[in-house]
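Chemist: Based on what follows, work out the 3D shape:
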Amino acid sequence: MKRYVIKSAFGGLQPEESLFSIPYKEALNPAQYEAVTTLHGPILVIAGAGSGKTRTLTYRVARLVEEGVPPSAILLLTFTRKAAQEMLRRAAALLDQRCEKVAGGTFHSFANLTLRRYAEKLGFQSGFSILDRADAEDVINLLRTRMGLNLKGRRFPRKRTITTIYSRAVNKVLPVREVIFEDYPHFLKEAENLLHLCGEYKAYKRENLLMDYDDLLIHLRTLLANNPDVQETLSQTYRYIMVDEYQDTNKIQADIIRFLASTHNNVMVVGDDSQSIYAFRGANFRNIMDFPALFPGTNIVKLEENYRSTQPILAIANEIIGRAKEKYTKVLFTQKGYGTVPALVAAEDERRQSLFVSQRILELREEGISLNQIAVLFRSGYHSFDLEIELNQRNIPFVKVGGFKFMETAHIKDLLAHLKILANPLDTVSWHRVLLLVENIGPKTAEEIFHCVTRSSIGLKGLATVKPKPRYARAFERLSKEMDSLDGSHLSLVETGAKLMRYYEPILEKKYDDYPKRAKDLEHLLTIMERYRRLEDFLSDMALEPPNASVDDMLATDYEDEQLVLSTIHSAKGLEWHTVFIISALEGRFPVTYAARSDEEMEEELRLMYVAATRAKENLYLTYPINIYDRGAGMVFSRPSRFIEGISEEMLDHWSLVNEEEEE
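Modeler: Numbering: from 1, shown residues only. Down below sits the predicted model:
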């Protein structure tokens, strides 16, 4: 029999690759390709800084869809909704619109949707409201007052501290008493009252259909653990799971992933143990280290090729993280040109440090590097105070990361409170906020009115059953009419918001001296509302994924085309600049003195320095002032940080500062 050979139409490509529309092998480096094409079983991707983890996740989404996996069977969990949307948008651009149908979002948004679907399994109603951090603090403050724990002369923790204690206990899976003992020993004598208050807080939330951020995760884990049928249904639904920034997950989130993957183990987590810097938020370094034990047979893939920094910067980063006691060993490298050797700059004092940084920034700008491409990073916010004075004196515009976020401003929370009681008439926190805006109504009266409304059992219509006292009758009647007109109305969400804004404008004008600026924020909120059809969806997103800046922040560049960035290192993670200055790289300040109390905290400080160094693309300067007296520690600091001390001058160029007169 004669054989006739059909030649390949794909120019020598491997047959399996020729079936795909995307040239994965050409588009990815070998490690990325392995991560993208290993579809089954548990995979741990150790993604070094700047190594293209987003590209890897994006291509893997496209690959799964090209392999015939239904988009609805893929779950992509990230730490911001924006990150998930961007990855799915890129995947759709690579392949087609099917990729945008992949289930993507944050742990909290996934928990929110799942709990509303299965609320009855936990004895809840699906119409629960979500408390943001400020709302949770207000509830705790209300209960603290009811329990008589806010008496003057008594040193009881403030509402913010109490909320932090409870949240830390949840995220670290520790008893409240242990958190008090470890982090707030000065409040040990109040431990019993704090435990009692914690119980009251939990009961209050359940009674009033409320959940805080931590509850979303706790209840999702409980749902999965106690309901094998739900666990199996969700696991069979999401047969391919991907998790970004796995080093930032807490114990509860790791448990959730274990449950969701119970029927298939097709889970890929991407992260960098060297960038685990959020223990104070409950992130568990052990999650990424112990993943292979949790998922036996894990395939570990290391992404070590860096696409951001020059090799001299990577050499410093490798040297820093090489000092870590526990890690996945990796060595970052790049194909980029050699570049400038990073500099270690010793200054006589903070003033000299500020003079150097300011002068060097102006020189770089003259060399064609815009201020937007330069960042000054520091361990703690106060480390930049002296520099800020010098920058102002030299008219160097800058923006400092921090301050109140958009959703945390009082005027935004005021307007949202009115919307929240439309969605959930049992939302006590929002009722109190709304009622306290009414002239001549105080906390006690607000409490009485709220109970009167809830006893009526007719929702917002219960306002009509209140008999207002003369001192606040007129203002209260205005509120009552406004809420009654909106209750059950057929207005769109943005029309409802606009109507409430008109009601709120006189209150805004009377309450705030800067009301024109705040009115712009409210207008921006209306613009956001235009994207939504349902009030419940809008409120959920505002609680889970709020905008980060006010309009004032977004328009901050109006007076100047470019701005220098000042940022804490924690806020800078995930970002990059042409030139980075790490200031106050001084023993006692970085690492902070209290980190010496445990090896775990000192290791996290080391990782923080690694994160800071890997933000730089072309230039890196580490500066430290000599002979700084720290009043809190009662000692003089004079050595460079232990994390960079002893690095050879071939890798870290040592600079000394001299006055211009001395050079003449």
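
Chemist: Quick check: buried residues in the longest helix that the chain contains?
Modeler: Longest helix of the chain, by residue count under DSSP state H: helix 493-511. For helix 493-511, the neighbour count (16 or more other C-beta atoms under 10 Å) marks 493, 494, 496, 497, 498, 499, 500, 501, 503, 504, 507, 508 as buried. To be clear about C-beta, it is placed using only N, CA and C from the backbone, and glycine gets the same treatment.

Chemist: swap in stretch 112-120?
Modeler: So, applying 16+ other C-beta under 10 Å, buried residues of stretch 112-120: 112, 114, 115, 118, 119.

Chemist: which two in those are spaced the farthest apart?
Modeler: 112 and 118 (11.7 Å; C-beta to C-beta).

Chemist: coming back round to it: could I get the buried residues of stretch 112-120 as CSV with pLDDT and distance to residue 452?
Modeler: Output for these, formatted as CSV (pLDDT from 0 to 100; distance: C-beta to C-beta, whole Å):
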residue, pLDDT, distance to residue 452
112, 92, 31
114, 94, 36
115, 94, 31
118, 92, 34
119, 87, 28
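
Chemist: So which of those residues are in helices?
Modeler: Those of the buried residues of stretch 112-120 lying in helices (DSSP H): 112, 114, 115, 118.

Chemist: Looking at these, which is nearest residue 486?
Modeler: The closest of these, once distances to residue 486 are taken by C-beta to C-beta, is residue 112, at 24.2 Å.

Chemist: and residue 246, what is it in contact with?
Modeler: By C-beta atoms under 8 Å, 6 or more residues apart in numbering, residue 246 lies in contact with 44, 269, 270, 271, 287, 288, 291.

Chemist: And for residue 436?
Modeler: Contacts of residue 436 (C-beta under 8 Å, 6+ apart): 442, 443, 446.

Chemist: ok, now residue 123?
Modeler: Taking C-beta under 8 Å, 6+ apart as the test, residue 123 contacts no residue whatsoever.

Chemist: Same check on residue 76?
Modeler: Counting by C-beta under 8 Å, 6+ apart, residue 76 has contacts 57, 61, 84, 87, 88, 102, 103, 104, 105, 242, 244.

Chemist: Need those in JSON lines (columns: neighbour count).
Modeler: Below are the contacts of residue 76 laid out as JSON lines (neighbours: other C-beta atoms under 10 Å):
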{"residue": "57", "neighbour count": "26"}
{"residue": "61", "neighbour count": "29"}
{"residue": "84", "neighbour count": "24"}
{"residue": "87", "neighbour count": "25"}
{"residue": "88", "neighbour count": "25"}
{"residue": "102", "neighbour count": "25"}
{"residue": "103", "neighbour count": "18"}
{"residue": "104", "neighbour count": "26"}
{"residue": "105", "neighbour count": "22"}
{"residue": "242", "neighbour count": "27"}
{"residue": "244", "neighbour count": "25"}
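
Chemist: Which of these fall within strands?
Modeler: 103, 104, 105, 242 (DSSP state E).

Chemist: The third one is in contact with residue 78, isn't it?
Modeler: Yes - taking C-beta atoms under 8 Å as the contact criterion, residue 105 and residue 78 are neighbours in contact, 7.3 Å apart.

Chemist: Now for those two: what residues contact both?
Modeler: Residues within reach of residue 105 and of residue 78 at once, by C-beta under 8 Å, 6+ apart, are residue 84.

Chemist: What ranges in the protein fall below the confidence cut-off?
Modeler: 1-18, 152-154, 402-407, 513-514, 545-561, 629-636, 661-664 (pLDDT under 70).

Chemist: hmm, try it at 50
Modeler: Low-confidence segments of the chain, defined by pLDDT under 50, are located at 6-15, 403, 552, 554-560.

Chemist: got the contact list for stretch 176-193?
Modeler: With C-beta under 8 Å, 6+ apart, stretch 176-193 has contacts from 147, 149, 156-157, 161, 165-166, 168-169, 172, 194-195, 198.

Chemist: That stretch: which residues count as buried?
Modeler: 176, 177, 179, 180, 184, 187, 190, 193.

Chemist: How many residues are close by residue 208?
Modeler: Residues near residue 208, counting by other C-beta atoms under 10 Å, number 18.

Chemist: Done for today, thanks.
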